[in-house]
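Visitor: whatever this is, show me its structure:
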Amino acid sequence: MRTLTETIVANPALFTHGDRVLLGVSGGADSVAMTYLLHFLRDEFGIKLYLAHLHHGLRGADADADLNLVRNLAAHLNLPLITAYCDVAAMAEKCGVSVEMAARDARLSFFREQTRLLKADKLALAHNIDDQAETMILRFARGTGSRGLGGILAFRQLPGLVIIRPMLGITHAEAVAFLKAHGLRWREDISNNSDEHLRNRVRHKILPLMEELLNPNIRATLCRTAEILNEEEAWLNELAHEEFSNRLVDETCELKLDNFFSQATAMRRRILLLWLFHNQLPANILDFNTVCVLDKLSLSLDGTKRMSVGGGWSAVRRYARLGLERESSGNAPIEPMRLNVPGETFHSGLGITVLAKYYQGVIKESGKRIGEMPSTATISAVTVGNDEIFVRSWQAGDYMRSYGLGGSKKLQDIFTDQKIPADHRSFIPVFECRGDIIWIPGYRIATDWAVPDGDSPSLLMEVHRKELPA
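Guide: Residues are numbered from 1 along each chain as shown. This is a model prediction of the structure:
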């Protein structure tokens, strides 16, 4: 029987010599065991470790005790620790989502920001065999394809974040046994004992029943199935990516539909799903029914047809081209929202998340096309001073003095020059301070708001479409 270290070493592809790895540590048995194991293996892998812990503002004194344990763990192992506090309950109420979803989004935002600040190469999370088995059952019950039944990935790349899961070959019981054998402390989250949440009901009732009546090794069997499906999924996606790349129109992100009917149904669905991902649509609308209806729309090439795909988006097929457009009511302007500086701001009307932080020096506008996401730029923190920055849609009469072009120009003329369709324009974010348009993502910053040199204080702003889940 392999030891836990042997199990982790058996997947060396997760690490590259010289990696700076941020560990998400909750204080529970799995993340604490992961910390000790990777600390033991750090020289063998040639990696440098950092710990990160987010206090969710939930569970009162228990959460405080979790934080204290992680602090003691970091001190004991002489590892750097980054901590932060987030009022997750207030965030959930403000965004109209469950506390669990708000907590997940808060952690992802926290980890992404710390990964960026530390220039870390990877984020390590402590999902294990039990988490994998539970995830597969939940997804099967809700309905999914081979991609969903592949469960949790050991390696996943998101915008600005690479996630690895070194414990995915280890059970929770093995992690607890390891800690007990070495006299190491961890914290139990009492909320895991409640069957209020669906995952806990799978953990406490469904899996034990399957072990008793179907297969005593059901967890390992499910994980082996996930591994097989992931390998096959990777191969099929490689084929789909090649076909998708040949059909994608880079300038417009449209999809060419010539001879699309000749592809197998499964391949067409994969190409359409890749296209939706490429356009960064919110994850909650990327379901099977949407893809099937979109497939039907794509097989007829006569005239122009439109269908809503949810989340304020419409797919529009114009003859042999398929494109995406934001839905609008007469192109009415979208109300401005004040940015949290520093911090994160979600604008539901525009469907974007803006990250703002203080910086030093210049990062040039990174977008390839006006309104394209993600996009990053810096503006002068001295010029902004203590004034507020707002994000909104454009309005008639708006103009901008674009950096590097000289003079001012109406936004309407800029959009026309850039060949932005009229029904797209209301959903392009425009950043304003003291009545000036200071930045249009994917285009330019304004002349008077430029950072003068690499040593000057600046404000770094990143704008993304709503993030996909980890």
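Visitor: low-confidence regions, the stretch 301-450 of the chain specifically.
Guide: Applying pLDDT under 70 to the stretch 301-450 of the chain flags the ranges 311-312, 326-334, 366-368, 404-407, 423-424.
Visitor: just the strands in it please.
Guide: 304-310, 313-318, 321-326, 337-338, 343-347, 352-360, 375-380, 389-392, 399-400, 409-410, 430-433, 436-440, 444-445 (DSSP state E, counting those that start in this stretch).
Visitor: next, the angle strand 321-326 makes with the second one.
Guide: The directions of strand 313-318 and strand 321-326 differ by 150 degrees, with axes from the mean of the first three to the mean of the last three Cα atoms, to 10 degrees as the criterion.
Visitor: cool, the fifth one as well?
Guide: In this structure, strand 343-347 runs at an angle of 110 degrees to strand 321-326, with the same axes, to 10 degrees as the basis.
Visitor: and strand 343-347 with strand 352-360, angle?
Guide: Interaxial angle, strand 343-347 versus strand 352-360 (the same axes, to 10 degrees): 160 degrees.
Visitor: what strands line up against strand 343-347, and which way round?
Guide: Using DSSP bridges, strand 343-347 pairs in its sheet with strand 352-360 (antiparallel).
Visitor: then the second one?
Guide: For strand 313-318, sheet partners with direction are given as strand 304-310 (antiparallel), strand 321-326 (antiparallel), following DSSP bridges.
Visitor: would you turn those strands into JSON lines with distance to Arg401?
Guide: For every residue, glycine as well, the C-beta is placed using N, CA and C. Formatted as JSON lines, the strands paired with strand 313-318 follow (distance: least, Cβ to Cβ, whole Å):
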{"stretch": "strand 304-310", "distance to Arg401": "37"}
{"stretch": "strand 321-326", "distance to Arg401": "27"}
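Visitor: now do the buried residues in stretch 173-186.
Guide: Going by neighbour count (16 or more other Cβ atoms under 10 Å), the buried part of stretch 173-186 is 174-176, 178-179, 186.
Visitor: run through who's touching it.
Guide: The contact list for stretch 173-186 (Cβ atoms under 8 Å, 6 or more residues apart in numbering) reads 4, 27-30, 32-34, 36-37, 69, 126, 128, 167.
Visitor: 10 Å instead?
Guide: For stretch 173-186, contacts defined as Cβ atoms under 10 Å, 6 or more residues apart in numbering pick out 1, 3-5, 7, 26-37, 66, 69-70, 72-73, 76, 126, 128-130, 167, 170-171, 188, 219.
Visitor: chain center to that stretch: distance?
Guide: Taking Cα atoms, centre = their mean, to the nearest Å, one finds stretch 173-186 lying 32 Å from the centre of the chain it belongs to.
Visitor: what about the helices in the stretch 51-200 of the chain?
Guide: Counting by DSSP state H, counting those that start in this stretch, the stretch 51-200 of the chain has helices at residues 60-77, 88-95, 99-118, 129-142, 146-149, 172-181, 198-201.
Visitor: could you pull up the mean pLDDT of the top helix by length along the chain?
Guide: Criterion DSSP state H: the longest helix present in the chain is helix 218-247. For helix 218-247, mean pLDDT is 89.
Visitor: the helix or strand that comes right after it pairs with which strands, and in what direction?
Guide: Elements were assigned by DSSP states H and E; along the chain past helix 218-247, the next helix or strand is strand 248-249. Strands that pair with strand 248-249, judged by DSSP bridges, come out as strand 254-256 (antiparallel).
Visitor: what residues of the strand it pairs with count as buried?
Guide: Along strand 254-256, these residues count as buried under the neighbour rule (16+ other Cβ under 10 Å): 254-255.
Visitor: circling back: would you mind putting the strands paired with strand 313-318 into TSV with mean neighbour count and distance to Gly442 alongside?
Guide: Formatted as TSV, the strands paired with strand 313-318 follow (neighbours: other Cβ atoms under 10 Å; distance: least, Cβ to Cβ, whole Å):
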stretch	mean neighbour count	distance to Gly442
strand 304-310	14	22
strand 321-326	19	15
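Visitor: so which of those strands is nearest Ala446?
Guide: strand 321-326 (24.4 Å; Cβ to Cβ).
Visitor: hey, C-alpha coordinates of the closest one in PDB?
Guide: Output of strand 321-326 as PDB, limited to C-alpha atoms (Å, rounded to 0.1, in the frame of the first residue of the first chain):
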ATOM      1  CA  ARG A 321     -21.800  32.900 -39.500                       C
ATOM      2  CA  LEU A 322     -22.800  32.500 -35.900                       C
ATOM      3  CA  GLY A 323     -22.300  35.400 -33.500                       C
ATOM      4  CA  LEU A 324     -23.200  36.600 -30.000                       C
ATOM      5  CA  GLU A 325     -24.800  39.900 -29.100                       C
ATOM      6  CA  ARG A 326     -25.900  41.400 -25.800                       C
END
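Visitor: from here on, count from 428
Guide: Done: numbering now begins at 428, and the last item shifts to strand 748-753.
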